[in-house]
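1. Need coordinates for the following:
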Amino acid sequence: MGVALGVLLVDRHYHRQAERKRAITGAVAAEAAALFVFSIVSWNLQILGRSAVVVLVVLAGVAMGIQSATVRKLNLPGVVTTYITGTITSLTSGFARGIRKWDGRRAMHEANREKRDWESRLEIQAGVFIVYGLAACMIATLQAYWPGGKPLSPLVAVVLAIWATFHAQPSPQGTEG
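-> Take a look at the predicted model:
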């Protein structure tokens, strides 16, 4: 359900270069809305009863589906935001393949271009992995000092992503990043 919603939200305007940021932001805002309701339901779990757990699972699934569809549309190589092992696998296999490729057997200019592309992909994947680690530390801290705040953490992350999108500098080629 979340993937279908994410695809519909992103594809609606993504084909127009000028509206890509809006399309992505709209999808991420829908994810934030699902996470907001998730937070409210989780805080009221005792009042709502055990059947509310099903609602939490659905809301989390919808949010993850929207996120997956949105990130897939961005076409970030090897970045999978809803399961960490996918990013670790992409990062490790990309690193291993890159080492094997640039052993001096290719034409210098072709090898340099491919190496830059490879390094760029690895930088993105490594950055995502670092964010995963920081998020895990944040959740551990919340668990220790404010366990009730854990349901808010995905919502805060998505709101920060929306904020960063609006405050991102345009890339040198004039396209929005």
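2. Tell me where this structure has helices.
-> With helices called from DSSP state H, the chain shows them at 2-14, 20-43, 45-48, 52-74, 84-101, 108-145, 152-167.
3. now those helices in a markdown table, with mean neighbour count and mean pLDDT?
-> C-beta: built from backbone N, CA, C; applies to glycine. Compiled in a markdown table, those are given as follows (neighbours: other Cβ atoms under 10 Å; pLDDT from 0 to 100):
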| stretch | mean neighbour count | mean pLDDT |
| --- | --- | --- |
| helix 2-14 | 18 | 83 |
| helix 20-43 | 19 | 89 |
| helix 45-48 | 11 | 80 |
| helix 52-74 | 19 | 87 |
| helix 84-101 | 14 | 65 |
| helix 108-145 | 13 | 78 |
| helix 152-167 | 15 | 80 |
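4. Over to K150: give its phi and psi.
-> Phi and psi for K150, reported as degrees, to the nearest 10, are phi -60, psi -40.
5. do the same with H15
-> According to degrees, to the nearest 10, H15 has phi -70, psi -20.
6. What separation do you get for it and G49?
-> Counting by Cβ to Cβ, to the nearest Å, the separation of H15 from G49 is 45 Å.
7. and if you look at F166?
-> F166 is 39 Å from G49, where distance means Cβ to Cβ.
8. got the domain boundaries for the chain?
-> Domain assignment for the chain, taken from automatic domain parsing, gives 1-75+152-177, 78-145.
9. chain center to the first one, what's the gap?
-> Spelled out, that is domain 1-75+152-177. Chain-centre distance of domain 1-75+152-177: 9 Å, with Cα atoms, centre = their mean, to the nearest Å.
10. Okay, P154 and R22: tell me how far apart.
-> 22 Å.
11. check contacts around V28.
-> The contact partners of V28, taken as Cβ atoms under 8 Å, 6 or more residues apart in numbering, are 66-67, 70, 158, 161-162, 165.
12. Quick check: chain neighbours aside, which residue is closest to it?
-> Excluding the flanking residues, the one nearest V28 by Cβ to Cβ, 6 or more residues apart in numbering is I162, at 5.4 Å.
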